Structure formats: structure tokens, C-alpha cells
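Colleague: Have a look; sequence and predicted model below, questions after that.
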Amino acid sequence: MKADDRRYVYISRGGDLNVEEAWKRCRNDLLEVGIQRHWAAGSVLMHEGERSEHVVIIEAGRVKVTSAAAASGKQALLAIRGPGDLIGEFSAIDGRARSATVTALASVTATSVSASAFRDLLVSDGKIAFTLLQVVVERLREADVQRLEFGAYSVTERVARLLVDYARRYGERGDDRVIIALALSQEELAHAAGASREAVSKALKRLRDLGAVRTGRRRVELLRPDLLADIVKGLPSVHLDADAAGHLR
């Protein structure tokens, strides 16, 4: 099974609809009517507030999804998406302005599909529409978990949970450590954790003092993943889809 298919496997457990096959067909149909494009690291695929309705299927590379906080104007990190992920579907469905900015973290290859072709596909195939509904619901669950964590857990716990999740999804295992292959700054990690940069800096220092992590410029290495796992034991994971998919590999 390809890596970009695993994200959708969990949806089909126990159901009559073969959603995995529906997603494959949906993706293949979209790829046929779309245009493949390439973005360099740092390039913006979509701008918050712009009036565009196309959707994008990521084929290679990863992007960050950010939105400007109303009070401060600072960019809050909402999510990281990678191969097999669909982005831009909200505007394609409701025709409203983009709710977030999507930026390439590394070189990205993706296929852009017009809103009309995307909507035609949803209307013509109920399984495909149901697949998209499942994805949207899971993303809403992610947002609910994030709101819960902001009030219920310490900054150190939230940072540790993020690092464990990122390592699971994007980690590269070395001889005695796990390297998180994401070029995220402390500011971006702070936005993802719902905390200030200063608080996250202190949390990372605590984790370094424990011997759990080693940090560098836009680089985090997990030296003791087991220790981090103990810290976050019992905390909900934002990336519920990745957890479920991991159990089915």
C-alpha cells in the first residue's frame, strides 16, 4: 500500500462503503482532469483571504497551513499536510475566500483541479462525497482536540505531544534518535502548541535537561522517545487519522 493511501484506510473499518477504493478513484479522477505543478520551499500555494476555488492534491513534499490571528495578526500554525492530502476543498464547495494560507515546507509536487471539476465529481459519485465528508469530520475533530488541550494541559505536555505526533508522522530514525524532518521554527511550534514562544522555549529546555530531546535551528531530535511517550501518556493526539492508520499498516 502506498504511503499516500494510508491516511484514508481507517475510514473504511467496519463500514459497507469501501472508502479506500473510493478515495483512490477520486484521486485518480482528479489527477486526470488537473494540472501538475511544482512549488519550491517557501512558496505559497494558497493565500488566506484570496478568492480562488481550485483544490490541490499533494503528491510529494509537505506544506504548512496557517491563519492570521485576529488580535495580533501573527500566523498560527493549524496543520501540516503531506502526500495524499487534499487542500482547498472548503472554498471549492462554498465559494468563500480562503480561510488559511498554505506554504511549502520543502519542494512540493501537486495537482491543481478546478472547483467545477471537483464539484462535478462529488455530485456524480456518492462514495467519493462520503469520503470527503469523513475527511472533513476528522479535521474538525482535530480542531476540537486542540481547543481542549489549550486549557487542560501544560505547555510542556502540549509540546511533548506535538513532538511525539510529528515524530510518528514525519520522523526519520537514526542510530540512536529520531529526527523530525520538518523545518519548523520555535515560533511555529509555539503557534501549534497554543503558547508563547518564550513558554515553548522553556518547555524545550526542560525536555533537553531531561535528556529527551536535542534542538537546533529548525531541527528537533528525539533522544528518548520513550520518555516523551510517558509525558504524553493519556493525552489525546491531534492526528487521530495518523494514529489509526499506523495500527493498520
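Modeller: Noted; the coordinates are in hand. Residues are numbered from 1 along each chain as shown.
Colleague: ok, so what distance separates the residue nearest in space to the middle of the chain from Asp120?
Modeller: Of all residues in the chain, the one closest to the mean position by C-alpha atoms, centre = their mean is Ile80, 3.0 Å from it. Here Ile80 is placed at a distance of 29 Å from Asp120 (C-beta to C-beta, to the nearest Å). In short, each C-beta sits where N, CA and C put it, glycine included.
Colleague: if we can go back for a sec, find the nearest non-adjacent residue to the residue nearest to the centre of the chain, please.
Modeller: Of all residues not flanking Ile80 in the chain, Lys64 sits nearest, at 5.5 Å (C-beta to C-beta, 6 or more residues apart in numbering).
Colleague: now swap in Met46 and tell me
Modeller: Distances taken as C-beta to C-beta, 6+ apart place Val102 nearest to Met46, at 4.3 Å, with adjacent residues excluded.
Colleague: Quick one: residues contacting the one you found.
Modeller: Going by C-beta atoms under 8 Å, 6 or more residues apart in numbering, Val102 touches 44-46, 56, 63-65, 81, 87-88.
Colleague: among those, which ones are buried?
Modeller: 45-46, 56, 63-65, 81, 87-88 (16 or more other C-beta atoms under 10 Å).
Colleague: among the residues you listed, which are in helices?
Modeller: Secondary structure assignment (DSSP state H) places none of these within helices.
Colleague: related to what we said a few turns ago, what strands line up against the strand or helix carrying the residue nearest to Met46, and which way round?
Modeller: Assigned by DSSP states H and E, Val102 falls within strand 101-104. The strands that strand 101-104 pairs with in its sheet are strand 44-46 (antiparallel), strand 63-68 (antiparallel) (by DSSP bridges).
Colleague: Below-threshold pLDDT in the chain: ranges please.
Modeller: 1-22, 69-74, 143-152, 234-249 (pLDDT under 70).
Colleague: so where do the helices sit in it?
Modeller: Using DSSP H, helices in the chain cover 3-6, 19-33, 89-94, 115-124, 126-152, 155-170, 186-193, 197-209, 225-232, 240-247.
Colleague: TSV for those, including mean neighbour count and distance to Ser52?
Modeller: Output for these, formatted as TSV (neighbours: other C-beta atoms under 10 Å; distance: least, C-beta to C-beta, whole Å):
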stretch	mean neighbour count	distance to Ser52
helix 3-6	16	24
helix 19-33	18	16
helix 89-94	17	7
helix 115-124	15	8
helix 126-152	15	19
helix 155-170	23	28
helix 186-193	22	24
helix 197-209	17	31
helix 225-232	16	38
helix 240-247	16	26
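Colleague: Redo those as CSV? Include distance to Arg217.
Modeller: Output for these, formatted as CSV (distance: least, C-beta to C-beta, whole Å):
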stretch, distance to Arg217
helix 3-6, 28
helix 19-33, 36
helix 89-94, 34
helix 115-124, 39
helix 126-152, 26
helix 155-170, 16
helix 186-193, 10
helix 197-209, 13
helix 225-232, 21
helix 240-247, 26
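Colleague: closest one to Ala76 among those?
Modeller: Nearest to Ala76 among the helices of the chain is helix 186-193 (4.5 Å), distances taken as C-beta to C-beta.
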